[in-house]
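Engineer: Next one to model:
(2 chains)
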Amino acid sequence: DAGVTQSPTHLIKTRGQHVTLRCSPISGHKSVSWYQQVLGQGPQFIFQYYEKEERGRGNFPDRFSARQFPNYSSELNVNALLLGDSALYLCASSLQETQYFGPGTRLLVL
Amino acid sequence: QQQVKQSPQSLIVQKGGISIINCAYENTAFDYFPWYQQFPGKGPALLIAIRPDVSEKKEGRFTISFNKSAKQFSLHIMDSQPGDSATYFCAARGAGGTSYGKLTFGQGTILTVHP
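Structural biologist: Next comes the predicted model:
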């Protein structure tokens, strides 16, 4: 079975631009979570979705938004990019308590 | 605010030695405690996990010890190998309310195992 997949793998944007990151969960998993991992730190929770509904939101500004589709895939959108948004964005899917992470999307904001 | 504190920040161990990483949490609103291993440029991979009603869990060379009263848990890697060199994160899962399902991570431990 395929694991969690994310696209793109790498992305370079400039300040003020908008970005959309995509995630496909493990087959059968209905919950998707997004995390931001800045270099040298642990992942920070951004959003969790279950059955297309937002279940939780971390301490991130409204520039960050997400949604989950009927096939349980998900998108993370970030508007008005700042230099500080440069990070590895991780998607995790879960069936019960265990969250399985994808390889991440490395975003660089110049 | 829910926090998980991890130590040490970095650890150097000789091949065959025991690696020990410690974590502590600040409140009881967690119901599941996983450990993840992360290699450079990769996403975190689940190593082993424990629930708070269990004091110890062992899987191969990896053991979690959990002390509920002290709000502490630790990862022991027996017979450490150079291939274990990676960053290790402890995490705790929110048990309810707006934190339900949310993983709170420690700061990470960079483990280096010398041959």
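Engineer: Is there proximity between stretch A:76-85 and chain B?
Structural biologist: No - judged by C-beta under 8 Å from any C-beta of the partner chain, stretch A:76-85 and chain B are separated, with a smallest distance of 14.5 Å. Placement of C-beta: from N, CA and C, glycine included.
Engineer: Could I get the buried residue list for that stretch?
Structural biologist: By 16 or more other C-beta atoms under 10 Å in any protein chain shown, the buried positions in stretch A:76-85 come out as A:76, A:78, A:81, A:85.
Engineer: Please identify which of these is nearest to chain B.
Structural biologist: Closest approach between the buried residues of stretch A:76-85 and chain B, by C-beta to the nearest C-beta: residue A:76, at 14.5 Å.
Engineer: quick one, phi/psi of the most centrally placed residue in chain B?
Structural biologist: Compute the mean C-alpha point of chain B, and by C-alpha atoms, centre = their mean the closest residue is residue B:90, 3.1 Å away. With angles defined as degrees, to the nearest 10, residue B:90 sits at phi -90, psi 160.
Engineer: Is the residue lying closest to it once chain neighbours are set aside in a helix, a strand, or coil?
Structural biologist: Spatial nearest neighbour of residue B:90, excluding adjacent residues (C-beta to C-beta, 6 or more residues apart in numbering or on different chains): residue B:23 at 3.7 Å. Secondary structure assignment for residue B:23 (DSSP: H, G, I helix; E, B strand; the rest coil): strand.
Engineer: who does residue B:23 bridge with?
Structural biologist: Judged by DSSP bridges, the bridge partners of residue B:23 are residue B:6, residue B:73.
Engineer: I'd like the distance between it and residue A:23.
Structural biologist: For residue B:23, the distance to residue A:23 equals 27 Å [C-beta to C-beta, to the nearest Å].
Engineer: still on that earlier bit, residue contacts, the residue nearest to the centre of chain B?
Structural biologist: B:4, B:6, B:21, B:23, B:33-35, B:73, B:75, B:105-106 (C-beta atoms under 8 Å, 6 or more residues apart in numbering or on different chains).
Engineer: Residue A:60 too?
Structural biologist: Contacts of residue A:60 (C-beta under 8 Å, 6+ apart): A:36, A:46.
Engineer: do residue B:31 as well
Structural biologist: Neighbour list for residue B:31: A:97, B:51-52, B:93-95 [criterion: C-beta under 8 Å, 6+ apart].
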